[in-house]
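**Q** Turn this into a model:
(2 chains)
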Amino acid sequence: MVNPVRNSRSPLNPTGLGSKRNPASGQRSIISNRRKVKYVLIALILIAVGIGASLTLFQSEEKRVKKQFHLLFEGVLKEPGENIFTMDQKIKKIGSLFRESCEINIPAYSVSGRLTRDEITGYAARSRLHFTQLHLKFYDFNIAFPQEGEAKVRLTARLTGKTTAGEMVNEAHELDCLLKKIEKRWLFDRIEVVEVLRR
Amino acid sequence: MVVNKGIRQFLFPSLTHSFLIRAGCVALLAYLVFGHLLIPFRIKGHSMEPAYQNGEFNFCWRFRHLFSKPKRGDVVVIRFTGQRVMLLKRVVALEGEVVEFRDGRLFINGKKLDEPYIHKPYDWNLSPRQVESDSVYVVGDNRSGPMQNHFFGQASLSRILGDPLW
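**A** You can find the predicted model right below:
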């Protein structure tokens, strides 16, 4: 009986792994390192997805305050050819963001004093009629909560658009706003324009 | 073949420790330089024409007024709440000086200021007013159209972020 001599590079061990301490063992460690990196990346992605989901599901108060400004942006936004129904919806949306009365101080537009919600919506409706296009964007939010149910917001507002007379409008203002939480909703209580350049 | 390998290595680098450290250093340096020292911005508007045209790109150099106050004639970048929206204006008067516009001419302390950067005539009238301490008076170069439509006045020095790089 002859026992066949087993070749180390036989089909059972084609690469010769384990037969010698050669570069192949280094290759194995690289493969395992790559696997480790893969696992770390998958873990990081899962953590990021988890954080994202929790942030979406459980909104912070800061995000809720910011959302009110986004709704104000949506209410003010006007595109050419806006119909009366859309305009009415937007005016109602603007009105719902304010308290029953709100202090507004915008000297550039000769608006000053404590206005009722109806006065604000009326003013917004009249102002929007002067424009064919209107965009109000907010930047650089600085939100503080001085006490429970109160949010002070400093930000930059940029108004761009086109009047019915064809004039282009491009204005930026720093705003100081106070929002109060009433029945789980943040509503505007004060909007004031900060004078950056005093004539 | 070697070139192909090089390109492949550049586009799809292997995530080695040294690569991650290099990438981190580049990201940190870019954040520090372009977030705090040289803030990139694009001009939107015509208030500084003809010196600065609408749509031009520039950088705000933050260190320009670190140890010195702005001088008359300097073009400065003025911030609002943050750095996303800024104003580009020219300093025409310093603290304590009296500013006045008379029939489209600018007077500082009663003397007419020579302004070679103004190319279009204007007809502004503004009664004399003194610039407060720690403030400068800034105006745009393009003064065409009614004065009410322009954004100018005295700005606190704390609001001056820097100068445009060119």
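**Q** Right, and chain B sits closest to which residue of chain A?
**A** The nearest approach of chain A to chain B comes at residue A:140, 2.8 Å away (Cβ to the nearest Cβ). Placement of C-beta: from N, CA and C, glycine included.
**Q** which residues of chain B score low on pLDDT?
**A** B:1-3 (pLDDT under 70).
**Q** Which positions in it make contact with chain A?
**A** Within chain B, the positions adjacent to chain A are B:15, B:44-45, B:78, B:80-85, B:87, B:89, B:126, B:129, B:138, B:151-155, B:159 by Cβ under 8 Å from any Cβ of the partner chain.
**Q** Next one: the residue of chain A closest to chain B, what pLDDT does it get?
**A** What the model reports for residue A:140 is a pLDDT of 94.
**Q** Helix, strand or coil: sort out it for me.
**A** State at residue A:140, reduced to three classes by DSSP: H, G, I helix; E, B strand; the rest coil: strand.
**Q** can I assume it is in contact with residue B:81?
**A** Yes - taking contacts as Cβ atoms under 8 Å, residue A:140 lies within contact range of residue B:81: 4.1 Å.
**Q** Give me the common contacts of those two.
**A** Jointly contacting residue A:140 and residue B:81 under the rule Cβ atoms under 8 Å, 6 or more residues apart in numbering or on different chains are A:155-156.
**Q** who's more crowded, those two?
**A** Between residue A:140 and residue B:81, counted using other Cβ atoms under 10 Å in any protein chain shown, the more crowded position is residue B:81 (22 against 16).
**Q** Identify each buried residue in the lengthiest helix in chain B, please.
**A** Across chain B, the longest stretch assigned as helix under DSSP state H is helix B:17-32. Along helix B:17-32, no position meets the burial threshold by neighbour count (16 or more other Cβ atoms under 10 Å in any protein chain shown).
**Q** Next: stretch A:57-76.
**A** For stretch A:57-76, by 16+ other Cβ under 10 Å, it's A:65-66, A:68-69, A:72, A:75-76.
**Q** Take those and lay them out in TSV including distance to residue A:98 and pLDDT.
**A** As requested, those are arranged in TSV below (distance: Cβ to Cβ, whole Å; pLDDT from 0 to 100):
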residue	distance to residue A:98	pLDDT
A:65	14	93
A:66	17	93
A:68	10	93
A:69	13	94
A:72	9	93
A:75	11	92
A:76	13	91
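**Q** so residue A:106 makes contact with residue A:191?
**A** Yes - contact criterion Cβ under 8 Å: residue A:106 and residue A:191 qualify, at 7.4 Å.
**Q** which of those two has more neighbours?
**A** residue A:191 (22 against 13).
**Q** Taking chain B, what residue is nearest to chain A?
**A** Counting by Cβ to the nearest Cβ, chain B gets nearest chain A through residue B:82, at 2.8 Å.
**Q** what residues are up against that residue?
**A** Residues in contact with residue B:82 (Cβ under 8 Å, 6+ apart) are A:139-140, A:142, A:156.
**Q** Now do the longest helix along chain A, average pLDDT.
**A** If you go by DSSP H, chain A has its longest helix at helix A:23-57. Average pLDDT, helix A:23-57: 79.
**Q** got it, and stretch A:181-190?
**A** Computed over stretch A:181-190, the average pLDDT equals 92.
**Q** Helices of chain A, start to end?
**A** A:23-57, A:61-76, A:84-96, A:117-129.
**Q** and the longest strand seen in chain B, what other elements does it pack with?
**A** Counting residues, the longest strand found in chain B (DSSP state E) is strand B:86-93. Counting by 3 or more Cβ pairs under 8 Å, 6 or more residues apart in numbering or on different chains; DSSP states H and E, the packing neighbours recorded for strand B:86-93 are strand B:75-79, strand B:105-108, strand B:135-139.
**Q** domains for chain B, by residue range?
**A** B:1-38, B:43-164 (automatic domain parsing).
**Q** just those domains: most buried one?
**A** domain B:43-164 (a mean of 17; mean count of other Cβ atoms under 10 Å in any protein chain shown).
**Q** Can you get me the start-to-end distance on that one?
**A** End-to-end span of domain B:43-164 (Cα to Cα, to the nearest Å): 11 Å.
**Q** quick one: contacts of stretch A:161-178?
**A** For stretch A:161-178, using Cβ under 8 Å, 6+ apart, the contacting residues are A:78, A:106, A:108, A:129-135, A:150-160, A:188-194, A:196, B:44-45, B:80-81, B:85, B:87, B:151.
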